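Peer 1: generate coordinates for the sequence data below:
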Amino acid sequence: MHRGPACGCGLSLAEAAGGTCGRCRRGLTPFRAGASLGPFTGSLRSLLHELKFRGRRRVATRLAEVMLGRDEVRRILTPGAVLVPVPLHPRRRRERGFNQAELLAEELARRTGLAVAGVLVRRKDTAAQTGLSGAARRANVAGAFAARGRGRIAGRVAVLVDDVFTTGATVMACARVLSAAGAAEVRVLTAARVA
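Peer 2: Residues are numbered from 1 along each chain as shown. Next up is the predicted model:
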């Protein structure tokens, strides 16, 4: 988790302006709270690359164990919440053989007893986000996600699970879809964040 000043949504604050980031002050952040294990650097970055690009699924187990040792993560995972992994497009999932966000959500669920609800679908085969600017990332994921099985999250806290929070474009697009599908509140939990 980011250790400097942070907004309740999880975004770091360049300066403590009443404890709220500019996005939240302007009503632009569609999720209520966020947490991550740490910055996307060093050993955490290496671990995530092992999981995502080398298929080392045991990394998800270890990440979940460490994440649940953090108070800020446990505050996100309240009783009755539903874990919602960020989906991959079916083509990318076939190529990779798994969805790293889903593996992480399943490991968190095993340890907490919370349900995993695969209610989000990626209906648009987007370009990889790596190397794109914030604006390009937002444009890339616009309209990319949809909800199915809305009854599984209606009136409940939906905790969106992903591997890395970079600019927030993906989680914000997903959070908007979850809110429109009836989630009472959306929170975000990632293994790492780009600070």
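Peer 1: alpha carbons only for contacts and neighbour counts from here, please
Peer 2: Fine.
Peer 1: what about the protein, any weak spots by pLDDT?
Peer 2: Where the chain drops to pLDDT under 70, the residues are 1-32, 127-134, 137, 140, 195.
Peer 1: and the strands in it?
Peer 2: 33-39, 82-85, 115-116, 120-122, 145-147, 157-165, 185-193 (DSSP state E).
Peer 1: could you dump those into a markdown table with mean neighbour count and distance to residue 98 added?
Peer 2: Below are the strands of the chain laid out as a markdown table (neighbours: other C-alpha atoms under 10 Å; distance: least, C-alpha to C-alpha, whole Å):
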| stretch | mean neighbour count | distance to residue 98 |
| --- | --- | --- |
| strand 33-39 | 23 | 21 |
| strand 82-85 | 28 | 12 |
| strand 115-116 | 20 | 15 |
| strand 120-122 | 20 | 14 |
| strand 145-147 | 20 | 18 |
| strand 157-165 | 26 | 13 |
| strand 185-193 | 26 | 17 |
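Peer 1: out of these, nearest to residue 52?
Peer 2: Among these, the nearest to residue 52 by C-alpha to C-alpha is strand 157-165 (8.8 Å).
Peer 1: can I get the closest one in CSV, CA atoms only?
Peer 2: This file holds the C-alpha atoms of strand 157-165, laid out as CSV (Å, rounded to 0.1, in the frame of the first residue of the first chain):
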residue,chain,number,x,y,z
VAL,A,157,-20.2,-4.1,-1.9
ALA,A,158,-18.2,-5.1,-5.0
VAL,A,159,-14.5,-5.3,-4.6
LEU,A,160,-12.8,-5.0,-8.0
VAL,A,161,-9.6,-7.1,-8.0
ASP,A,162,-6.7,-6.6,-10.5
ASP,A,163,-3.0,-7.1,-10.6
VAL,A,164,-1.7,-3.5,-11.1
PHE,A,165,-3.4,-0.1,-10.7
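Peer 1: what are the pairing partners of that strand, and which direction each?
Peer 2: Partner strands and pairing direction for strand 157-165 (DSSP bridges) are strand 82-85 (parallel), strand 185-193 (parallel).
Peer 1: tilt between it and strand 33-39?
Peer 2: Orientation check (axes from the mean of the first three to the mean of the last three C-alpha atoms, to 10 degrees): strand 157-165 against strand 33-39 gives 30 degrees.
Peer 1: neighbouring contacts of strand 157-165?
Peer 2: 40, 48, 76-77, 80-86, 100-102, 104-105, 171, 174-175, 178, 183-194 (C-alpha atoms under 8 Å, 6 or more residues apart in numbering).
Peer 1: gap between residue 40 and residue 177?
Peer 2: 26 Å (C-alpha to C-alpha, to the nearest Å).
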